[in-house]
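1. Quick one, what's the 3D model for this:
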Amino acid sequence: MNRDRWSRRQFLRTSAAAGLGLAGTALAAGPARASAATRAGTVTSPATTAKLGVFAEPNGTTEHSYLDAFRNFESEIGRGVSVYRSYRSWGQPIFNSAIDDILNPSKSQYAPPELYLSFHPYLTKKGTQCLGWAQVASGCEDSVIDAWATQLNQLLGISGHAYVAFHHEMEKKEGTPPSGCGIIGNRCGTPEDFKAAYWYFRQRIQNRLQSAYGWDPSSITWVVTFMGDTFRGQHNGPDTWWPSSSDPTYPSDVADDHLVGVDLYNRYKCHNKSWYGFDYLAGLLGGKHVQQVQAYAASKGRNLFIGECGSVEGNACNGTLPFKTQKAEWFTGDASSALTVMQGWDNLEAFCYSQVVGQGNYRIDTSTGPGSALTSFVTLANAPLFS
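-> Residues are numbered from 1 along each chain as shown. You can find the predicted model right below:
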């Protein structure tokens, strides 16, 4: 099936899901979009629902492709997801066989998701070879940015909307950057370098989409995504990195509509940490220099976008907490659980889970049966919050 036909089918599905006529869909922010922040800096229409998202890696046994992993995740939770997470190193194309399959409505019983894309000035997957943010802001990398704009035009022709970040978790790459076009280092620069590169990248993408292809800039929702520990006193806090409209260096006409993004993980002994409930990760337990992630987003008049999230089991990596029930309760247990906390927020845009195994197993099916992680996550995924 070619992309033009995919676009038409997705157009109709989006119309039905959002309750819109055909005239209103192509530039809408996707089906069941949570409320947007106003330019006055307040959220005027509290969100009653949020989007459920995922990045799913194949387990190598029952799943041999990203499509297998994605479809199995949807099958396990008994519903489709609205957002699929995908990251690109510098110059990597947006489209590949996995993305083609996931966006193809004939490959799943559920409507295809929107994409959440993050573009990184890395030449290697792990970021060990970094282009300086100053290189991006100086125009050295315009050909790469323009190529991505062309591919985003194709993507928007399929889905009508995408979430886009420039260098999510930028804080981990602070340091002395390489100097000069094409020079490689292992750090990307200062917070001011990041902000300048963000605005340059964003404006060039938006201008090209609008002038060359006729897309309204609202077809992309921009996300500024932090590490969770930045809200817990690390990296000089989120304001150090936030592309603020109060800074005259940056254009105020586009400065007040990007979302606050955050990645939240309970890694426990797999990263030599304590067991962290979702409430702790969200900053609800307080402490010196701690900021609540939802309250921070609200203070900016923005919705909150959880771009990555996951938990290991209680016995993971020689942990001493209960297997099965501990992770299950992390999803849907008491007041500290993910679902309970998120249900109390009125500005949650999306919650994207990481169905992955790395230094720790974050998959939802690490335990099964009554009272298990899988059963609990199914409850979370089918809660009214994500309807």
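2. If we ignore the residues flanking it in sequence, what's nearest the residue of the chain most remote from its centre?
-> Largest separation from the mean C-alpha position in the chain: Thr320, at 31.3 Å (CA atoms, centre = their mean). Leaving aside its sequence neighbours, Thr320 sits nearest to Gly314 (CB to CB, 6 or more residues apart in numbering; 7.8 Å). Bear in mind the C-beta positions are built from the backbone N, C-alpha and C, glycine included.
3. Can you give me every residue that contacts the one you found?
-> Tyr268, Trp275, Thr320, Leu321, Pro322, Phe323, Lys324, Thr325, Gln326, Lys327 (CB atoms under 8 Å, 6 or more residues apart in numbering).
4. where does the last one land in three-state SS?
-> The reference is to Lys327. Following DSSP: H, G, I helix; E, B strand; the rest coil, the label given to Lys327 is helix.
5. quick one, what contacts the nearest residue to it once chain neighbours are set aside?
-> Nearest non-adjacent residue to Lys327, counting by CB to CB, 6+ apart: Ala373, 4.2 Å away. For Ala373, the contact set (CB under 8 Å, 6+ apart) comprises Glu313, Lys324, Lys327, Ala328, Phe331, Ile364, Asp365, Thr366, Ser367.
6. Narrow these to those in helices?
-> Lys327, Ala328, Phe331 (DSSP state H).
7. how about the strands of the stretch 51-200 of the chain, start to end?
-> For the stretch 51-200 of the chain, strands defined by DSSP state E, counting those that start in this stretch occupy the ranges 51-56, 83-88, 114-119, 130-131, 162-166, 184-185.
8. tilt between the second one and strand 114-119?
-> What it means is strand 83-88. Counting by axes from the mean of the first three to the mean of the last three CA atoms, to 10 degrees, strand 83-88 lies at 20 degrees to strand 114-119.
9. any idea how far the residue farthest from the centre of the chain lies from Gln206?
-> Separation of Thr320 from Gln206 (CB to CB, to the nearest Å) stands at 51 Å.
10. now do Val357
-> Distance, Val357 to Gln206, using CB to CB: 37 Å.
11. So the two - more neighbours on which side?
-> Higher neighbour count among Val357 and Gln206: Gln206, with 21 against 15, using other CB atoms under 10 Å.
12. In this structure the more buried one contacts Ile220, no?
-> Yes - the pair Gln206 / Ile220 is scored as a contact, 7.2 Å apart, by CB atoms under 8 Å.
13. and which of the contacts of Gly314 is nearest Gln129?
-> Closest approach to Gln129 among those (CB to CB): Tyr268, at 31.0 Å.
14. how many neighbours does the closest one have?
-> By other CB under 10 Å, 26 other residues sit near Tyr268.
15. And the residue lying closest to Asp334 once chain neighbours are set aside, its phi and psi?
-> The shortest distance from Asp334 to any non-neighbouring residue, by CB to CB, 6+ apart, is to Thr340 (6.9 Å). When read as degrees, to the nearest 10, the backbone of Thr340 gives phi -60, psi -50.
16. do you know how far Thr340 is from Leu380?
-> Computed as CB to CB, the Thr340 to Leu380 distance reads 10 Å.
17. Compare these two (neighbour count), which wins?
-> Shown here are Thr340 and Leu380; by other CB under 10 Å, Leu380 has more neighbours (22 against 16).
18. And the nearest residue to Asp146 once chain neighbours are set aside, which helix or strand is it part of?
-> Spatial nearest neighbour of Asp146, excluding adjacent residues (CB to CB, 6+ apart): Arg208 at 6.1 Å. Taking DSSP states H and E as the definition, Arg208 sits inside helix 191-213.
19. what helices or strands is that helix leaning on?
-> Identification of packing neighbours for helix 191-213 by 3 or more CB pairs under 8 Å, 6 or more residues apart in numbering; DSSP states H and E yields helix 133-138, helix 142-159, strand 162-166, strand 220-227.
20. So what are the sheet partners of the shortest one and their directions?
-> Strand 162-166 has these partner strands in its sheet, going by DSSP bridges: strand 114-119 (parallel), strand 220-227 (parallel).
21. related to what we said a few turns ago, buried ones among the contacts of Gly314?
-> Listed as buried from the contacts of Gly314 are Tyr268, Trp275, Phe323, Lys324, Thr325, Gln326, Lys327; burial here means 16 or more other CB atoms under 10 Å.
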